[in-house]
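Q: predicted structure and sequence below. I'll ask about it afterward.
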2 protein chains.
Amino acid sequence: MTDSHFDLDLFLPYLLNQAAEAVSREFQAIYRERHGMTRTQWRVMANLGRFGAMTARDICAASHEEKTRVSRAVAALEVAGFLARLPSDRDGRAEILSLTAKGLAVFADLGQQALSYDAGLRAQLGAADADALHDLLLRLRALVPPAAAED
Amino acid sequence: MTDSHFDLDLFLPYLLNQAAEAVSREFQAIYRERHGMTRTQWRVMANLGRFGAMTARDICAASHEEKTRVSRAVAALEVAGFLARLPSDRDGRAEILSLTAKGLAVFADLGQQALSYDAGLRAQLGAADADALHDLLLRLRALVPPAAAED
DNA sequence: TTGACTTGGTTGCATATGCAACTAAAAGCT
DNA sequence: AGCTTTTAGTTGCATATGCAACCAAGTCAA
């Protein structure tokens, strides 16, 4: 991006999106075909699988997602029988979410898939470059102020 | 991603999306607020601005986008008076798209915004790291097979 | 020329999402 | 206690998108 004329192909936001879309498209096929799940649903599962029972709010905070998205994903996952809600005894508004046995099985499956997909990606990039990328992405995310929806 | 339990925060596709979304959200505010434009619309403009007159098909090929998306973006941009369609004299199906004077002005504006946004991003990452990121993203995009919709 | 297949582009339909408005429970404050 | 302000979640509405089906112009081959 040295010259004064604009070239999309040198534009970081564009490249980021292209790469993200390309990679996501591939992995999406997995959770979609195997469990009829949407990306947000998969993320919710991933959070519950990793951290155990937590509220929708916690998931929003942990995964930088908007509450509407999470709310709908949770509803769908409940219908699918992957998670259960329990009223919180500390806060009458909140609900404690946790994976059902069925949900745990799905998470185990997708977790494995994710690990191997990720490993494949890193192998193709080379370990050192993959780590560098990982690091850069974290820095980028941190650079940008959080979504307004996170208040 | 060394252990066998899956952690979303170490998952490259997830990080890629987070970073892309964070960055896009910011820049989106610009073309959205200034010209009421959607991301695909902005990309179409960017292609036309950079390459001059071309068909929708060419845009799809150049920007790895799906034809439906491009088709609708073109329709909206035409309504907004940013681009014009001319029947191709070589192919009765194709239409040659080009920016109107108004469209060129918008492109000039957004091009500048993009350049400076990109420069800001690169400055925050540091020139060397920014270049490394740029390179990694291109490699990533190339790694993944193109969308099925591109046939 | 005629018929089969490909290709540029559009449209219908179903779904995911953003945003704003809304409900109900908590917290603060006086 | 009584009142205002947050906060956890949900919902309505408008819009963007994916996918498959579709139309019309081209291409190819006999």
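A: Thanks, I have it.

Q: A:Arg93 in helix, strand or coil?
A: coil (DSSP: H, G, I helix; E, B strand; the rest coil).

Q: any idea which helix or strand carries the residue positioned nearest the centre of chain A?
A: For chain A, the residue lying nearest the average C-alpha position, counting by CA atoms, centre = their mean, turns out to be A:Arg43 (3.8 Å). Remark: A:Arg43 resides in helix A:39-51, with elements defined by DSSP states H and E.

Q: B:Asp9 is in contact with the residue nearest to the centre of chain A, correct?
A: No - at 11.0 Å, A:Arg43 does not count as touching B:Asp9 under the criterion of CB atoms under 8 Å. The C-beta positions use only the backbone N, C-alpha and C, and glycine is treated the same way.

Q: how about the residues of chain A by DNA strand C?
A: If contact is defined as CB under 7 Å from any atom of the strand, the residues of chain A in contact with DNA strand C are A:38-40, A:66, A:68-69, A:72-73, A:90-93, A:147-149.

Q: ok, back up a step: report all helices and strands that the helix or strand following the helix holding A:Arg43 contacts.
A: Scanning forward in sequence from helix A:39-51, with DSSP H and E defining helices and strands, the next element found is strand A:54-55. Contacts defined by 3 or more CB pairs under 8 Å, 6 or more residues apart in numbering or on different chains; DSSP states H and E place strand A:54-55 against strand A:95-99.

Q: anything in the strand it packs on near DNA strand D?
A: Yes - shown here: strand A:95-99 in contact with DNA strand D (CB under 7 Å from any atom of the strand) through A:Glu95.

Q: angle of that strand against helix A:39-51?
A: Going by axes from the mean of the first three to the mean of the last three CA atoms, to 10 degrees, strand A:95-99 is angled at 90 degrees with respect to helix A:39-51.

Q: other residues contacting strand A:95-99?
A: Here strand A:95-99 makes contact (CB atoms under 8 Å, 6 or more residues apart in numbering or on different chains) with A:44-45, A:48-49, A:52-56, A:59, A:74, A:82-88, A:107.

Q: are any of the residues you listed buried, and if so which?
A: Neighbour-count burial (16 or more other CB atoms under 10 Å in any protein chain shown) is assigned, among the contacts of strand A:95-99, to A:44-45, A:48-49, A:54-56, A:59, A:74, A:82-83, A:85, A:107.

Q: from those residues, pick the one nearest DNA strand C.
A: A:Val44 (10.1 Å; CB to the nearest atom of the strand).

Q: what helix or strand does the nearest residue to that closest one once chain neighbours are set aside sit in?
A: With CB to CB, 6 or more residues apart in numbering or on different chains as the criterion, A:Val44 has its nearest non-adjacent residue at 4.7 Å, and that residue is A:Ala73. In this structure, A:Ala73 is located in helix A:67-79 according to DSSP H and E.

Q: before we move on, what's the pLDDT of A:Pro145?
A: According to the per-residue confidence, A:Pro145 scores 65 in pLDDT.

Q: count of residues packed around A:Gly39?
A: Careful, residue A:39 is Arg and not Gly. Counted with other CB atoms under 10 Å in any protein chain shown, the neighbours of A:Arg39 add up to 17.
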